[in-house]
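Asks: The following comprises the amino acid sequence and a computationally predicted model.
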Amino acid sequence: MSVLIGGYYTRFVFDDGKIGNTFSEMSLFVLDLTHSSKDQLISDMTLLLELFSLWEDKSKVQGMNCYELALELLRKDIYFLFEWLTYLGENERELIEKWSYRGRMRERHSQLADVLDFEELKFKETFSRYTPVYLSSIDKLLDKQDLGSWYNELELLPGFYPWIRSFHDLHHTLNSKSNVHLVQPRILDNLLVLTIRTEILIKSILLNKYAESEDDLKKAIKLLAAHVADTKSKVVYEAVTGKDCWDLTSLRHTPEDIFHKIDSVSVGQRWSKEQRYFLTQTLKFIASRNYFAHHSYKDGDMNDQSSSQSRTVLISCLYTVLYVYASTKA
């Protein structure tokens, strides 16, 4: 099928007499040229997935290498057909759901998500499954919330995919049970991306929700304080940018524990547990952001799989993004 589509694309370009046609236009052209329809392509996808399931079973039972080779070629055809359908206007998520099992029982066809092994699906699964684990100490934020829906909304924001990729990779690296590492760990690299993109997401939420654009993080948080309707969140935003709290994130004296003073901050002693947690986690995110922007003296510790500070950075970034997002929905 890949050769067929590639050949049609070449013919499409030459027939039209110019380069620069969109893939959507090409998809419609091929559909018309083959006297086919979108419904026929959907039917073909079902047949290909049923064939994939059959060959996969035979490969497991018979152990013949020819089936493995055939499965890889079939996987490519399924991928190109999937791409064809998306260029014809089909929604990626709906296509994946269409060829997913409705219950625990296996069906005649393989699941599209298993065949194509989309990394984006793994990101969503990691986010939905492990966010409650990381935030278990303060579960009121997530009470009765559909994290899948939150993910779908957050992924529309600029900067989300570098953020979720780093979160996904960090989760698996920090929780790996293997003691043997033949490559240098990328924990530090992912922490750097996570903190920077957390700042970008905060600004993206501000722009998306209130049409306010601000490059400076402190000013962006002040704008959130001015706009959010929830009074409990508003006072926390105001406290974060206050001198007493903001100075705790500067790390001018290169403290050994960059979060020690934040944990003992005196601001908000009469606040709720949720408000105090939001304050400290936001300050820890800002301190982390400042560390990765201006320092390197803790890099060795941060790049260690067993580092508690690396986990603290991850949790602070995760919680800050989710709380900022939730506070703008209130």
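Replies: Good, I have the coordinates.

Asks: out of everything not next to it in sequence, what's closest to the residue positioned nearest the centre of the chain?
Replies: Nearest to the geometric centre of the chain sits Ile164, at 3.0 Å (C-alpha atoms, centre = their mean). Once flanking residues are discounted, Ile164 sits nearest to Phe123: 4.7 Å by C-beta to C-beta, 6 or more residues apart in numbering. Every residue, glycine included, has its C-beta placed from N, CA and C.

Asks: Could you give the number of residues near that neighbour?
Replies: Phe123: 20 surrounding residues under other C-beta atoms under 10 Å.

Asks: Show me what counts as buried in whatever helix or strand it lives in.
Replies: Per DSSP states H and E, Phe123 falls inside helix 119-134. For helix 119-134, a neighbour-count test (16 or more other C-beta atoms under 10 Å) marks Glu120, Phe123, Lys124, Thr126, Phe127, Tyr130, Thr131 as buried.

Asks: Which single one of those residues is nearest to Ser264?
Replies: Of all the buried residues of helix 119-134, Thr131 has the smallest distance to Ser264: 26.8 Å, by C-beta to C-beta.

Asks: tell me the contacts of the closest residue to the closest one other than its chain neighbours?
Replies: Excluding the flanking residues, the one nearest Thr131 by C-beta to C-beta, 6+ apart is Leu147, at 5.8 Å. Contact analysis of Leu147 by C-beta atoms under 8 Å, 6 or more residues apart in numbering lists Phe127, Ser128, Thr131, Pro132.

Asks: would you list the residues you listed in TSV and tack on pLDDT?
Replies: Shown next, in TSV, are the contacts of Leu147 (pLDDT from 0 to 100):
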residue	pLDDT
Phe127	94
Ser128	91
Thr131	92
Pro132	91
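
Asks: and these, which two are the farthest apart?
Replies: Maximum pairwise distance among the contacts of Leu147 (C-beta to C-beta): 10.3 Å, between Phe127 and Pro132.

Asks: sorry, back to before: how about the contacts made by the residue nearest to Ile164?
Replies: Phe123 touches Tyr161, Ile164, Arg165, Phe167, His168, counting by C-beta under 8 Å, 6+ apart.

Asks: and after the strand or helix carrying the second one, which helix or strand comes next?
Replies: Which is Ile164. Applying DSSP H and E as the criterion places Ile164 in helix 160-174. Per DSSP H and E, helix 160-174 leads on to helix 187-210 as the next helix or strand towards the C-terminus.
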